[in-house]
Structures are given as C-alpha cells and as structure tokens.
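Engineer: Build the 3D model from these lines:
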Amino acid sequence: MAEPINFPGNVDWSGENPGISLKEKPDGPFVALASFFRVVLSPHGRGHALVLLQSPQDANPPAELANVCLHDNEPLARYLVAEFVSFFGAWKGLPGLAGLVYRKLDRVEAVGDPASNYSEIVTGGDLSVRLDWSGLGKPFCFALPPDKSATGKHHMPSLFVPCTDARIMVNNRVLPGRPVPREIAGHSLTTAMLAFSETWIRA
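Structural biologist: You can find the predicted model right below:
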C-alpha cells in the first residue's frame, strides 16, 4: 500500500479561489484584477469575498473606478487580503490595494460548468460584478511547497482549471485587458484560472 501524503502544519483556510488578472499588453502592467473566494473553513469561519481592482495603479481612484472588496464576512475578507492576496504575484505591491473599500455583498451566484464556461456573479448595493472564464482546459492537481507558494509560508494543494480567455464586468461594463500566458507546476495556462479544492497549510 502506498504511503499517504501528509502536509504538516496548520490549515489556515480551505475553499475556492478563482481569479482573473488582465493586461492590455503582455509586457505591460495589470489593468484590472479580480480574486474571488468561497471559503469553507478558516479562523474567521465561512464566507465569500471578491477583491476587485478596477484601478490597480491608483490608491484613490474616482468613485466609478473604485477598488473594492465585496464580502459577507468582513474579518475573513480582511484576513484574506492581508495574509494572502497581498502576496499574490499579480497583486503584490499594487497601490490599489492600499485604498481598498470593504462593502457588504447581497448575493453570490455561480453559473455554468467548469468543463466549458463558468461565471461568478457578486452583487452588493448598486454594484454588480460578473467574472467570466471561457476556453476552459483540462483540470490538473498539484501541491506547491512553502518556498514556491505565494506567501512563502504555506503548502498549497489545489485543483486548477486553465482557461484561454476571461473578462470582468462591472455593472455591465467590460473592464479592459486580457489574460496573458503564465506557467505553474509545469502547466501552461494564463493569468485567469479556476482554482478549486484549494487549501493553504501554514508550514
């Protein structure tokens, strides 16, 4: 019988974390980013959070281009931003995170099939955000060791579904940019992907 795979350490959170990071030019800055969380276990309980940067390079954008976090559990949302999102490769050091506004969400809805096209729709007050992933590829599982994870502190077993295209819509307005190629765990994908069965274990 094969030996089980054990990950020593404390489980900080587990759930889903699909994301979209968009550029207008492959060698240019990110112009729009969204990271969605559906958390089933954490020190702050269950909950949802959508971290949206419409103006990644601006800490104080105009109201219509605000950088927001829509959530149904504010302590969890602030924990995810401070301990995880702030360390993600596309997000690290972006001025837009410094001026993030936290707002209560009213509704979360997942639409479609991760085998073909998939969407997450989040509404809060007068704000409606739709994340669309299309051209979805073959799912793959992997586990990053702490020194290869975004935080440098966690084992990260995950299931990823790569995609070729994605978009972010805010109140029916499509944000600029497209996902660009990247590689992770020997797989070619883009800066937009579905991340399910994701667990962050502090080493």
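Engineer: Residue 24 contacts residue 180, doesn't it?
Structural biologist: No: contact criterion Cβ atoms under 8 Å: residue 24 and residue 180 do not qualify, at 9.8 Å. (Each C-beta comes from the backbone N, C-alpha and C, glycine too.)
Engineer: Who has more neighbours out of the two?
Structural biologist: residue 180 (18 against 13; other Cβ atoms under 10 Å).
Engineer: Who are the contact partners of that one?
Structural biologist: Taking Cβ atoms under 8 Å, 6 or more residues apart in numbering, we find residue 180 in contact with 23, 26, 190-191.
Engineer: May I have the predicted confidence score for it?
Structural biologist: On pLDDT, residue 180 comes in at 97.
Engineer: can you give me phi and psi for it?
Structural biologist: Per-residue torsions, residue 180: phi -120, psi 160 (degrees, to the nearest 10).
Engineer: and it, how far is that from residue 15?
Structural biologist: Distance, residue 180 to residue 15, by Cβ to Cβ, to the nearest Å: 26 Å.
Engineer: Residue 86 too?
Structural biologist: Using Cβ to Cβ, we find residue 86 at a distance of 18 Å from residue 15.
Engineer: Can you find which helix in the chain contains the most residues?
Structural biologist: In the chain, taking DSSP state H as the definition, the longest helix is helix 74-83.
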